[in-house]
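>>> Predicted model and sequence below, questions to follow.
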Amino acid sequence: MNDPQQVTKSLADTNDAMRGIITAAHKGEFTITPDAGDELIQIFQEIEDWTQDVLRKIDYMKQRTPLGPSPAGEAIARFNQEVAAGDQESFEDMILRIRENTPQVVQAIREGIRLYQETDDGNATNLGKQA
């Protein structure tokens, strides 16, 4: 998985999944048990911390790597810069999108927990009335 295209595709897929959770929660279509939700919240908070660390490292990569004036050195230095911050498919852009979406995903998970509990409470009430 060292191929930059594979890494950026994985990051894009992660971002798409995050957007899917956010969208489903906004529509009231996402429910999750409190235990599972709490675990996911912890994971996404760790992802948010990870993005901060990665963005610091990307800042170093964006600086031109001093590999000398040889054609190979120039090509590698240029490649590092492009991978780090080249365009909308760069590591930096993908990490920034994930960092931006992480708090929204955490909120969506909390909403999913709330909806789950509301549904569960409603079902318990209905069962109690039938007894």
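Perfect, thanks for sending it.
>>> Which stretches in this protein count as helices?
Listed from the start of the chain, the chain has helices (DSSP state H) covering 4-26, 34-62, 71-85, 91-130.
>>> And the ones you listed, which one averages the lowest pLDDT?
Set side by side, the helices of the chain differ in mean pLDDT, and helix 71-85 is lowest with a mean of 77.
>>> now that helix against helix 4-26, angle please.
Orientation of helix 71-85 against helix 4-26 (axes from the mean of the first three to the mean of the last three Cα atoms, to 10 degrees) gives an angle of 0 degrees.
>>> Touching helix 71-85 from outside, list them.
Pro4, Ile58, Met61, Lys62, Arg64, Thr65, Pro66, Leu67, Ser90, Phe91, Glu92, Asp93 (Cβ atoms under 8 Å, 6 or more residues apart in numbering). No exception for glycine: its C-beta is placed from N, CA and C like everyone else's.
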